[in-house]
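> after the sequence you'll find the predicted model.
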Amino acid sequence: MRTFDNEWIFEAFEDHPSFLTKRMFGGLAVYLFGRMMMILVEPTKTGRWKWHGVLICTEHANQPAIIEEFPQMAPHTLLKKWLYIDSRHEAFEATMERVAKAIARNDERFGIRPQTAKKKMGSRSRAGVKR
């Protein structure tokens, strides 16, 4: 199975019982405490994207506080709902070490709860209903 360059980031929390990873959109999603915390991204063979870094999953309301503490991060250019740091950034490793420690402490600013299949179906089925 393919590995990602930045899997070293997991060291801060990989022994936690809730830690799991899942392939997603050509990247590697990280879950902890029942929330999707980040996605490691690297350029895809198909050229679908050329990003190489980490997408930090968070709610819009939490972005200002995270950016204040971690100014190296910014909303992603396409996926503005999440923050991003490019692996070529001079402070990438130091920033991600600190972010990983915050995530390991269950910092509530980080992570999004995945939607359940029932919620997804319910929202779709109502969209086509005329009242």
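Perfect, I can see it now.
> all strands in the protein, in order from the N-terminus.
20-24, 27-32, 35-41, 53-56, 74-75, 83-86 (DSSP state E).
> who does the last one touch, helix- and strand-wise?
Based on contacts counted as 3 or more CB pairs under 8 Å, 6 or more residues apart in numbering; DSSP states H and E, the elements that strand 83-86 packs against are strand 53-56, helix 63-69, strand 74-75, helix 92-104. Where you see a C-beta, it was placed from the backbone N, CA and C, and this is true even at glycine.
> mind showing which ranges of this protein have poor pLDDT?
Counting by pLDDT under 70, the low-confidence segments of the chain come to 1, 116-131.
> and with 50 instead?
Along the chain, segments meeting pLDDT under 50 span 120-131.
> point to the residue nearest the middle of it.
Ranked by distance to the mean C-alpha position of the chain (CA atoms, centre = their mean), the top residue is Met38 at 2.1 Å.
> ok, what's across the strand from it?
Beta-bridge pairing of Met38 under DSSP bridges involves Val30, Ile56.
> list the contacts for it?
Contacts for Met38 were tallied using CB atoms under 8 Å, 6 or more residues apart in numbering; they are Ile9, Ala29, Val30, Val54, Leu55, Ile56, Cys57, Val99, Ile103, Phe110.
> looking at these, which is nearest Arg48?
Taking CB to CB as the measure, Arg48 lies nearest Leu55 of the contacts of Met38, at 14.3 Å.
> what residues are up against the closest one?
With contacts taken as CB under 8 Å, 6+ apart, Leu55 has the following neighbours: Gly27, Met38, Ile39, Val41, His76, Leu79, Trp82, Leu83, Tyr84.
> for the first one, what are its contacts?
Okay, so that is Gly27. Contacts here follow CB under 8 Å, 6+ apart; on that basis Gly27 touches Phe4, Ile39, Leu40, Val41, Glu42, Leu55.
> reformat those residues as a markdown table; add distance to Ile66.
Listed next are the contacts of Gly27 as a markdown table, based on distance: CB to CB, whole Å:
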| residue | distance to Ile66 |
| --- | --- |
| Phe4 | 22 |
| Ile39 | 16 |
| Leu40 | 18 |
| Val41 | 18 |
| Glu42 | 23 |
| Leu55 | 13 |
